[in-house]
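[1] what would the 3D arrangement of this be:
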Amino acid sequence: MAVHKLQLDDFVTIDYELFAIHSSLEDYRLAYFINQNLRLLLEKCPKDISIKTKEGEGCFSRFIFEDHDTGAVYNLIKNRNSRVMANLSAAPLFADTLPDMASGIYLLPELKKVDYILKVENTPSFFAPLQLTAMLQGIKHITTAYTIGHEKLKSKNNLIF
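    All right, here's what the predicted structure looks like:
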């Protein structure tokens, strides 16, 4: 009798594109300029993304746009969160020092130099990532933008929201 093995990778499909954005703007201003130049309607999502790490817990605000014509969903998330809720329960009662909060928590820790992540889900067949990258680079407040390869990411689970 033949043995048939199923690999977990057989069921995992990547149906999203990731773009790294380098910009010193606040998230709401960046969303405004992206809306103007890309003809999107990114708006603040009431539900934040929460990430728990050994350093503590961080909440990331996100801006979302659902394109009903193509079915694509655009998410703009800041990669670094400096507002960290420390895990003080693990610290001794009379500790002299508190944990270092200067570093912050990253949505994608392997991309610490990236300021924002643009995640495009349910991309249609005619979606052109290079064209979107060129349009992002055309915004004068964005230093650079480029696509992120899925194979480079170790923290893919942080992108499930």
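[2] what's the helix or strand for residue 21?
    Residue 21 belongs to strand 16-22 when elements are defined using DSSP states H and E.
[3] what's in contact with that strand?
    By CB atoms under 8 Å, 6 or more residues apart in numbering, the residues outside strand 16-22 that reach it are 30, 111, 113-123, 127, 129, 132-133, 136, 142-148, 150, 153, 159. From N, CA and C alone the C-beta is placed, and that goes for glycine too.
[4] name the SS class of residue 134, please.
    helix (DSSP: H, G, I helix; E, B strand; the rest coil).
[5] nearest residue to the middle of the chain?
    residue 117 (4.0 Å; CA atoms, centre = their mean).
[6] just list whatever residues bridge to the closest residue to that residue other than its chain neighbours.
    Leaving aside its sequence neighbours, residue 117 sits nearest to residue 77 (CB to CB, 6 or more residues apart in numbering; 4.9 Å). Under the criterion DSSP bridges, residue 77 forms beta bridges with residue 62, residue 117.
[7] around residue 77, how many other residues sit close by?
    23 (other CB atoms under 10 Å).
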